[in-house]
Structure formats: C-alpha cells, structure tokens
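In: A structural model of the following input is requested.
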Amino acid sequence: YFMNNYSHLSNTDVQRNLILKSSILQKVMNYFFDHSFTYVSTPYLSYPTKEYGDGEFLVFSELHPGKVYALPHSPQLYKQHIIANTQKHISKYFQLARNFRPEHADTTHLQEFDQVDFEIADANLETIIKTIEEVVIACFKTINVECQITRLTYDDAMKSFGSDSPDLRWNGGTFNHEHDSVSFILPDDECDTSSFTSLPPEIIHTRIAEKDHTFTAHISNIQILGAFRNELVSSGIVTLHQKWSFVMLTYLPLCSVKGEIVSPFHHPQAQPVAVSEIDYSNMQPSALSTIRSKSCDFIINGCEVAGGNVRIDSHKLQTDILKLYKKSNVSNAAYEPLLNMLKSFPDYSSGGAAIGFDRIIYLISLQKSIQDTQSFPMSHDGKEFFGGPFSLKDHEYLMYGLSHQQKLVIESRNAAIEIVTNKKNFVHDKSHILEVEKMAMILADSEKIEPDDLVTLKIAAHWHDTGRDDLAIEHSNHDEVSSSLFTQWAK
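Out: Now for the predicted structure:
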C-alpha cells in the first residue's frame, strides 16, 4: 500500500485535484472572513461522545496509563461551548475541522476528512440555510457553475421522490400515491427496458406491466423505490436533463425510530419545531416519528454534502431529548458537559452546520472516488501511507497501562477481523461488525489462547469457508481450546 500511495501522488489528476482543493479553500475562507466570522481551532485529543456511531479512534498516552483520548467525530460540542462562553465577542465561529470516524471507506466516505464547521449565536434556520447555500455557491463559482437551488421539506421529498437525498438531474420517475400503494412510472422515452435486469430484487418482485414501465409497491417500500430512482440517475440508465442538482432539504425528522429503539436523525442537539407544545419526557417511540426538527441537509447530485440545525437551548429540553435515546448508542454521560453548559448559560442560543469540504471537492472534480481528492488516502480497510495501524509491542502494553486481559482482547479482536474479512463473499456491513465482536468475545473469554491457537483457528476457519467442515473439525481437534472455540464460532 505504501508503494501504491507513491503512484497515487504522481497521478496528474490527483495533483490537479489538490490544486483545485487549495483554490476552493481560499474562496471558502474569504467568504467567512468577509462575513465577520472568527476562526477558532478545536482540540483533536478529545472527549469520547460517539456522536455518529459506535466506534471511535482512541489515543493512548504514557502520561495517563490505562486511560484514552478520543479523536473527534466532529467539533460539535466544542463549537457550542465557544458560542456560549464568548458570544459577546465571538458571535460567529468557523473552522476547517478534521474529523475521524472508524467506518468502512467507499467512494464518498473516508476515515478522516475535512469539513467546514460554523456556529452563529441566536441563529434561526433561515440564517443557517442561507450561509450553507452561499458557501456552496462560492465553491462552484470556481468552475463557473451557477447553482439553481431547489428547496424541499423532508416530507415533500419523501412523498415525491422516496428519498431524503433526491437527485433531480432527471425529473422523470414520479410517484403516484393511491390507496395503500405507490406507483413509480418510467416514461417510454426515458429508459431502456433491457436495463431492468440490474434492478434490485425488491423492485423486480413488485414490477407490473413492462410495456408501460410501471412499478408498484406497498407504501412502506417507498424508500426502496427512492433508492432505485437515485440508482437510475447515478448509473446513467436514464437520460439526464441537467448536469447538476442542488437541493436544500428542510425540517428533517427529530428521531429515527426502529421498534423501541429511538436514535437522533441528525444529532441529539437538534431543536424540535414544537419546543413548548409537547412534553418529550413521556413520549412513546411510535409518536416520535412525526416530530420534525429545525434542521436542513444540502444535497448535490444525490449526495449529502452539508447538514445543520438550530441547537436546543434549554437544559430541561435537552435532558428530556437525551432520555429518548437511552436505548440507542447515545451516552447521556458523554453529554454531561453540554448539560452543564446549558445550565450555566441560560441565555445561550445558537445554530450552525457542517459542510463536507472533501465531498464538495470530490463532486466538483468529477472523480469516481473521494480518495482521488486526498494526498494520502487510507485504504478501504484503514491502512495508511506508512503501513499503519501498527501492533503494540509487549512493553508498550505495560507503558499504556493495559492488562494482560486487555492485551488478549485487542489481539483477539484483530484475529477476528482478519478471519471474518477474509471470508468468501465478504461484505462490510453491520452483520460483519457484529460477527467480529462476537468472535472476539469468544476468543477473549479464554485466557489459554496462545498465538498457535489463533493460527489453528484461522486454518480451521479457512476450511469451513471453503465448505470442508470435515477438514476444519479434523484440524481443530488436535487442540482442545481451539476446537471448543471454533465450534462456538462456527455455530
């Protein structure tokens, strides 16, 4: 991978993208300085909050053995504190912030990336929307593109396009709502029926009347149809009516509700539209799906590039909202500093947004992958330019205050990742993460594990994945520990 990065940097397109990125960054910085924003940096060594998922990059230090810092998912909590503590002198903050998220990289996602964050004291939603739009317009002026921005509420977008990231480069494929179903109509002159062989199974099963290109599904499947519509556009199957689609989506849901699990749609600080009319402390999950927030997303060609909202400014309301998320991955303890701030500054009020700077460069440069806009991109599985991440040496476990059992857990998890990611037809998704964690727990439960046992388990797993369970069992039987562990995992 080290050598591949050398060839990456020598690529003329990559060099051109880096020069473009520098030019656009200058325009973005000038916009904020011209509008009286103050640039303030926030820390990289941060407090664990898990704002946007379960995982975090943790940093060990020999200064504090057995303790960790977390690299921030975003500077969200910091920028609210900046406004609360300094709004008499700094009422408008901005920053080019580096964010870190341990997720699988793809054409639009990176493990570390730059975004432009801003926060404005006493901002309403229109102020946030206007700022995002003007920054995007400034970016696209670099390539002489005039942004024709369509504003849609979340509810209108879902009803008309079945997606919260609608791509309007193609204005066909409208939804017709009748009774308990929704029809998706493709005009005869817009689409080649031979392309239907690549449709998702859900669409194929609900297709009717090929001659009029009409698709029908139950209303609950409108998101499947919406994803299909965007796929038609991004794949070039349909004839595009324009090169660019700019959509400002407003009033998104406050919560995402799946059964009894309630999680933030944006993040826990988003202010609901109805602040005083509703008692959020006793709401049932089923009733929360209709609540909207003072929030917005900016979509370019079906790709989300920015999101913002008005922040909750009440200690009681923030406490009640956090309680709604008690069954999700949101930790109330992680938000204690925010609650203390709201209690200490009762006059605090702000709103802001994050603009995905790297994603905008990726779209403007017309690249196939966002990695082509980076100087030293990580690989999809998180390997960096010099070959990291690196394994800790035995003395480093002691230096950082890690016990033998913690060492075992780390080694077990690494072994589990290697085995699971090498499986046939491997797909990185939630089930993969759960499988890794489950297997790591099985491995770590036994303190008898030695390196030889892990090798044995890997070989047994290989035979299992190739359909030779007889050889897997035979191979693992020579070691009682490995056999027991392998049997548990294989089940």
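In: Distance check, Ala97 against Ala353.
Out: Distance of Ala97 to Ala353, computed by CB to CB, to the nearest Å: 12 Å. For glycine as for every other residue, the C-beta is placed from the backbone atoms N, C-alpha and C.
In: Kindly report the same for Ile291.
Out: Counting by CB to CB, the gap from Ile291 to Ala353 is 21 Å.
In: go on, Asp394?
Out: Taken as CB to CB, the span from Asp394 to Ala353 is 46 Å.
In: more neighbours, Ile291 and Ala353?
Out: Ala353 (24 against 18; other CB atoms under 10 Å).
In: hang on, that one packs against Val310?
Out: No: between Ala353 and Val310 there is no contact under CB atoms under 8 Å: 10.3 Å.
In: what sits in contact with each of those two?
Out: Ile128 (CB atoms under 8 Å, 6 or more residues apart in numbering).
In: overlap in contacts of Ala97 and Ala353?
Out: In terms of CB under 8 Å, 6+ apart, Ala97 and Ala353 are both contacted by the residues Asp117.
In: looking at this, Val247 is in a strand?
Out: Yes: according to DSSP: H, G, I helix; E, B strand; the rest coil, the state of Val247 is that of a strand.
In: give me the beta-bridge partners of the closest residue in space to it that isn't next to it in sequence?
Out: Using CB to CB, 6 or more residues apart in numbering and skipping the chain neighbours, the partner closest in space to Val247 is Ile299 (4.2 Å). Per DSSP bridges, the residues bridged to Ile299 are Val247, Glu304.
In: burial count for the residue nearest to Arg101 when sequence neighbours are not counted?
Out: Closest residue in space to Arg101, ignoring its immediate chain neighbours: His73 at 5.7 Å, by CB to CB, 6+ apart. As a burial measure, His73 scores 21 neighbours (other CB under 10 Å).
In: How much space separates His73 from Pro268?
Out: Taken as CB to CB, the span from His73 to Pro268 is 12 Å.
In: The residue nearest to Val247 contacts Ser245, doesn't it?
Out: Yes: Ile299 is within contact range of Ser245, at 7.4 Å (criterion: CB under 8 Å).
In: Neighbour count: the two, which is higher?
Out: Between Ile299 and Ser245, counted using other CB under 10 Å, Ile299 has the larger neighbour count: 25 against 22.
In: How about the contacts made by Thr108?
Out: Taking CB under 8 Å, 6+ apart as the test, what Thr108 contacts is 303, 359, 362, 370.
In: got the contact list for the residue nearest to Val247?
Out: With CB under 8 Å, 6+ apart, Ile299 has these contacts: 165-167, 245-249, 305.
In: buried residues in stretch 317-337?
Out: Residues of stretch 317-337 classed as buried by neighbour count (16 or more other CB atoms under 10 Å): 317-322, 324-325, 330, 334-335.
In: what does stretch 81-92 give?
Out: Those would be 81-84, 87, 91-92, for stretch 81-92 by 16+ other CB under 10 Å.
In: Need those residues in JSON lines (columns: secondary structure and distance to Phe161).
Out: JSON lines is the format used below for the buried residues of stretch 81-92 (DSSP: H, G, I helix; E, B strand; the rest coil; distance: CB to CB, whole Å):
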{"residue": "His81", "secondary structure": "helix", "distance to Phe161": "38"}
{"residue": "Ile82", "secondary structure": "helix", "distance to Phe161": "37"}
{"residue": "Ile83", "secondary structure": "helix", "distance to Phe161": "35"}
{"residue": "Ala84", "secondary structure": "helix", "distance to Phe161": "38"}
{"residue": "Gln87", "secondary structure": "coil", "distance to Phe161": "39"}
{"residue": "Ser91", "secondary structure": "coil", "distance to Phe161": "37"}
{"residue": "Lys92", "secondary structure": "strand", "distance to Phe161": "34"}
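In: my read is Ile143 is in a strand, agree?
Out: No: counting by three-state DSSP, Ile143 is not part of a strand but coil.
In: any idea how far it is from Asp34?
Out: Following CB to CB, the distance that separates Ile143 from Asp34 is 21 Å.
In: what's the answer for Ala157, then?
Out: 32 Å.
In: try Tyr154
Out: Separation of Tyr154 from Asp34 (CB to CB): 32 Å.
In: between those two, which one's more packed in?
Out: Between Tyr154 and Asp34, counted using other CB under 10 Å, the more crowded position is Tyr154 (19 against 9).
In: OK, contacts around the more buried one?
Out: 164, 249-253, 292.
In: repeat that with 10 Å
Out: 164, 249-253, 265, 292-293, 295-297 (CB atoms under 10 Å, 6 or more residues apart in numbering).
In: What are the boundaries of the helices in the stretch 251-400 of the chain?
Out: 285-288, 315-324, 336-344, 357-364, 394-399 (DSSP state H, counting those that start in this stretch).
In: Just confirm Gln95 is within a strand.
Out: Yes: note on Gln95: a strand contains this position according to three-state DSSP.
In: Would you check how far apart the residue lying closest to Glu56 once chain neighbours are set aside and Gly351 are?
Out: Leaving aside its sequence neighbours, Glu56 sits nearest to Ala70 (CB to CB, 6+ apart; 4.5 Å). Ala70 sits 25 Å away from Gly351, going by CB to CB.
In: out of these two, which sits in the busier spot?
Out: Taking other CB under 10 Å, Ala70 and Gly351 do not tie; Gly351 has more neighbours (30 against 18).
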